[in-house]
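> how would this look folded up:
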Amino acid sequence: MKLYKKIFIAVFAFPMMLLAQEQKDTIAAVNQDSIAPVTEVELERPAFESTSLIESQTNRVYGKGTIEMIMNHRFGLVTGTNDLIGIWAPANIRIAVNYSVTDRITVGFGTTKDKRLQDFSLKAALLRQTVDGKMPVSVTYYGNMSISALPKEYFYHTSDRWSFFNQIIIAKRISKVFSLQLAPSYSHYNVVDAPMNNDLFAIEFGGRAKVTSSMSILLYVNQPITSQDNTPKSGFSIGTEFSTVGHAFQIFVSNYRGIVNQQSNMFNQNDFFEGDFAIGFNISRTW
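Now for the predicted structure:
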């Protein structure tokens, strides 16, 4: 466990070290006669309209002082029985709020119905794509710590309630129409049932294609790459996003039941192409 603690501390400290270094690098050179002019770098528009790409995070970080409210909803699996395409089946829901501490750092809190998960998140824009192409991609860190609020009889120790997720999001706005992202991730549960591993690495691919100024097609694929005795199924989601100033609405089909990333990565046993999918939607509002 000492090694895992060191990994978590290093990952969460890494964004802060990079931001501190960037601040040093932006100080203009000063001589006795004049101050050298500072050339303002024009940043590319964000690759995605909202902070979510169906089941994942995007590189989007809102400006300082922005508050974002989010509702994630997943209906039950579509079974073809008398469940009205999953709408009458048991659903999973998450409500969250994020706050942009700076133009580069966002913190958040969310609560999820399944497993009564309470998650605390940090998102940091490490590198941002520029118009002149000198920085061709955006690199963003996202991480969360989640604790289950289930009754104590479900756990031997308080530490058994905790799980963690860390991800590096590499995104690029290719054109006005297309945006792509690639995101390796690391999930950890303090306690899992034998013979599962406590840790899982995965790689995610996502994209957006704009159809109109306010409508886009979204794609999400997530592939676990850590060997497990009972290997979780790949994640696959496809949907549509409608966005306006301050709002984003995504409706989609997905084979994930969980909403918190590490839960989906570690435990998903639904195969999209075998018919195991559900209808879901995400709603976000910013102020």
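> for Lys134, see how far away Ser146 is.
Computed as Cβ to Cβ, to the nearest Å, the Ser146 to Lys134 distance reads 37 Å. All C-beta atoms are positioned from the backbone trio N, CA, C, and that covers glycine.
> which residues does Glu55 contact?
Tyr220, Asn222, Gly235, Ser237, Ser254, Tyr256, Ile259, Asn261, Ser264 (Cβ atoms under 8 Å, 6 or more residues apart in numbering).
> sec struct for the fourth one, please.
For Ser237, the reduced secondary structure class is strand; criterion used: DSSP: H, G, I helix; E, B strand; the rest coil.
> that one contacts Gly206, correct?
No: judged on Cβ atoms under 8 Å, Ser237 makes no contact with Gly206 at a distance of 9.0 Å.
> and Pro224, bridged to which residues?
When bridges are called by DSSP bridges, Pro224 pairs up with Ala202.
> quick one: the strands in this protein?
Assigned by DSSP state E, the strands in the chain fall at 52-53, 56-57, 67-77, 92-100, 105-112, 117-127, 138-148, 162-173, 178-189, 199-210, 215-224, 235-244, 247-254, 278-286.
> now the last one against strand 235-244, angle please.
Strand 278-286 and strand 235-244 are oriented at 40 degrees to each other (axes from the mean of the first three to the mean of the last three Cα atoms, to 10 degrees).
> surely Asn72 meets Ile93?
Yes: the pair Asn72 / Ile93 is scored as a contact, 6.8 Å apart, by Cβ under 8 Å.
> identify the contacts common to these two.
Both Asn72 and Ile93 are contacted by Ile259, under the criterion Cβ under 8 Å, 6+ apart.
> residues contacting the residue nearest to the spatial centre of the chain?
Residue closest to the average C-alpha location in the chain (Cα atoms, centre = their mean): Gln57, at 2.4 Å. Contacts for Gln57 (Cβ under 8 Å, 6+ apart) come out as Thr51, Lys123, Thr140, Tyr142, Gln167, Ile169, Ala183, Asn261.
> for the third one, give me its contacts.
What that stands for is Thr140. Gln57, Thr58, Asn59, Val61, Lys123, Ala124, Ala125, Leu126, Ile168, Ile169, Ala171.
> again, 6 Å this time
Counting by Cβ atoms under 6 Å, 6 or more residues apart in numbering, Thr140 touches Asn59, Ala125, Ile169.
> ChimeraX command for the buried members of these?
Buried residues within those, by 16 or more other Cβ atoms under 10 Å, are selected in ChimeraX with:
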select :59,125,169
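> which member of the contacts of Thr140 is positioned nearest Trp162?
Relative to Trp162, the closest of the contacts of Thr140 is Ile169; by Cβ to Cβ it sits at 23.0 Å.
> who's that closest one bridged to?
Note on Ile169: beta-bridge partners by DSSP bridges are Thr140.
> low-confidence ranges, the stretch 51-200 of the chain, go.
82 (pLDDT under 70).
> same thing but at 80, please
Counting by pLDDT under 80, the stretch 51-200 of the chain contains low-confidence residues at 80-83.
> stretch 128-143: how far from the chain's middle?
Centre-to-centre, stretch 128-143 and its host chain are 17 Å apart (Cα atoms, centre = their mean, to the nearest Å).
> and what of stretch 180-192?
That offset, for stretch 180-192, works out to 10 Å (Cα atoms, centre = their mean).
> ok, the nearest residue to Leu53 once chain neighbours are set aside - contacts?
Nearest residue to Leu53 in three dimensions, chain neighbours excluded: Gly206, at 4.5 Å (Cβ to Cβ, 6 or more residues apart in numbering). Taking Cβ under 6 Å, 6+ apart, we find Gly206 in contact with Leu53, Ser56, Gln181, Tyr220.
> from Ser185, how far out is Leu200?
9 Å.
> do the same with Phe273
From Phe273 to Ser185 the distance is 22 Å (Cβ to Cβ).
> start and end of stretch 272-280, how far apart?
14 Å (Cα to Cα, to the nearest Å).
> find the nearest non-adjacent residue to Ile217, please.
Closest to Ile217 by Cβ to Cβ, 6+ apart is Ala209, at 4.8 Å.
> what's around the one you found, how many residues?
By the criterion of other Cβ atoms under 10 Å, Ala209 has 13 neighbours.
> which residues does it bridge with?
With DSSP bridges as the criterion, Ala209 is bridged to Phe178, Ile217.
> quick check: it touching Leu219?
No: with contact defined as Cβ atoms under 6 Å, Ala209 does not count as touching Leu219 (8.2 Å).
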